[in-house]
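>>> Sequence plus predicted model, see below.
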Amino acid sequence: GENVEQHPSTLSVQEGDSAVIKCTYSDSASNYFPWYKQELGKRPQLIIDIRSNVGEKKDQRIAVTLNKTAKHFSLHITETQPEDSAVYFCAASLFAGGYNKLIFGAGTRLAVHP
Amino acid sequence: NAGVTQTPKFQVLKTGQSMTLQCAQDMNHNSMYWYRQDPGMGLRLIYYSASEGTTDKGEVPNGYNVSRLNKREFSLRLESAAPSQTSVYFCASSEPRGFANEQFFGPGTRLTVL
């Protein structure tokens, strides 16, 4: 089955710096890669996603890149702000039978220091 | 529009007790999911229901059962709770559209088994 590895497990940056979180997946058939943000004590929420036919996607200060050959994808946050502090989860999805089953990475705890 | 709701928010059980976690969504989604979240392990899929009337095992189904009561409701039952089931449980729902599958999460249930 699919396996998703995420690094680093913790990341500390100064406000204004960039942050990069990397994930690798095992199943080459996976074709959808979302990123979720979970603030302390809250539910996970989707922040950006990318499909396998796209190499890069941007939304304001966040971007995601996908390398299908190497089976890895990354989240990039520029000009970090204290409110970016949270746990970030990557996931990979294998579209099958009319539904998608997400396999999540273990998460990265990002701390942005003022 | 409440989105995904879960009850209870907190629960403490003794080993061997049983309980049912309730989940409901008002977004008319076909697919629903149950996850558990443990420190350092991300979100692991317990069971999912691709559509009303169907349920399937996820990554960690042992010790759990589910019921898709109708399109809105998906419950998770622990028949004989064990300390290893101490976790935060999240319900989610989605309406898969092609390769995309944004999952909307409930607020979670924090369960402690003594």
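Received the coordinates, thanks. What you are looking at is a predicted structure, and each value in this text was computed from that prediction instead of being measured.
>>> Whichever residue of chain B sits closest to chain A and B:Glu52, how far apart?
Per CB to the nearest CB, B:Asn101 is where chain B lies closest to chain A, at 3.5 Å. All C-beta spots, glycine's among them, are computed from the backbone N, C-alpha and C. As judged by CB to CB, to the nearest Å, B:Asn101 and B:Glu52 stand 17 Å apart.
>>> Tell me which of those two has more neighbours.
Between B:Asn101 and B:Glu52, counted using other CB atoms under 10 Å in any protein chain shown, the more crowded position is B:Asn101 (21 against 15).
>>> mean confidence for stretch B:61-69?
Confidence for stretch B:61-69, expressed as mean pLDDT, is 96.
>>> ok, now stretch A:101-111?
Stretch A:101-111 comes out at a mean pLDDT of 94.
>>> quick one: is that stretch near chain B?
Yes - Stretch A:101-111 is in contact with chain B by CB under 8 Å from any CB of the partner chain, via A:101-107.
>>> Closest one of the residues you listed to A:Asp49?
A:Leu102 (10.4 Å; CB to CB).
>>> Count residues in the vicinity of the closest one, would you?
So A:Leu102, with other CB under 10 Å, has 27 neighbours.
>>> which parts of chain A sit against chain B?
Close to chain B, as judged by CB under 8 Å from any CB, chain A has residues A:1, A:6, A:9, A:31-32, A:34, A:42-46, A:49, A:51-52, A:89, A:93, A:95, A:97-107.
>>> Buried among those? Need that as a selection in ChimeraX.
Selecting only the buried entries of the residues of chain A next to chain B in ChimeraX, with 16 or more other CB atoms under 10 Å in any protein chain shown as the criterion:
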select /A:6,31,32,34,43,44,49,51,52,89,93,95,99,100,101,102,103,104,105,106,107
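>>> Leaving out sequence neighbours, find the closest residue to B:Gly16.
B:Ser80 (5.3 Å; CB to CB, 6 or more residues apart in numbering or on different chains).
>>> Excluding covalently adjacent residues, which one is nearest to B:Asn70?
Closest to B:Asn70 by CB to CB, 6+ apart is B:Glu52, at 6.5 Å.
>>> can you tell me which residues contact the one you found?
Taking CB atoms under 8 Å, 6 or more residues apart in numbering or on different chains as the criterion, B:Glu52 is in contact with B:30, B:68, B:70-71.
>>> Describe which strands the lowest-mean-pLDDT helix or strand in chain A pairs with in its sheet and in which direction.
One helix or strand of chain A scores below all others by mean pLDDT, DSSP states H and E: strand A:99-104, with a mean of 82. Strand pairing for strand A:99-104, determined by DSSP bridges: strand A:86-96 (antiparallel).
>>> what sits against B:Cys91?
Contacts of B:Cys91 by CB under 8 Å, 6+ apart are B:4, B:6, B:21, B:23, B:25, B:32-35, B:74, B:76, B:105-106.
>>> Type out the ChimeraX command that picks the buried ones from these.
A single ChimeraX command selects the buried members of the contacts of B:Cys91 (16+ other CB under 10 Å):
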select /B:4,6,21,23,25,32,33,34,35,74,76,105,106
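>>> what does the model give the residue nearest to B:Asn70 for pLDDT?
90.
>>> can you confirm it is in a helix?
No - according to DSSP: H, G, I helix; E, B strand; the rest coil, B:Glu52 belongs to no helix; its state is coil.
>>> next one: stretch B:73-87 to chain centre, how far?
Centroid separation for stretch B:73-87 versus its chain: 9 Å, with CA atoms, centre = their mean, to the nearest Å.
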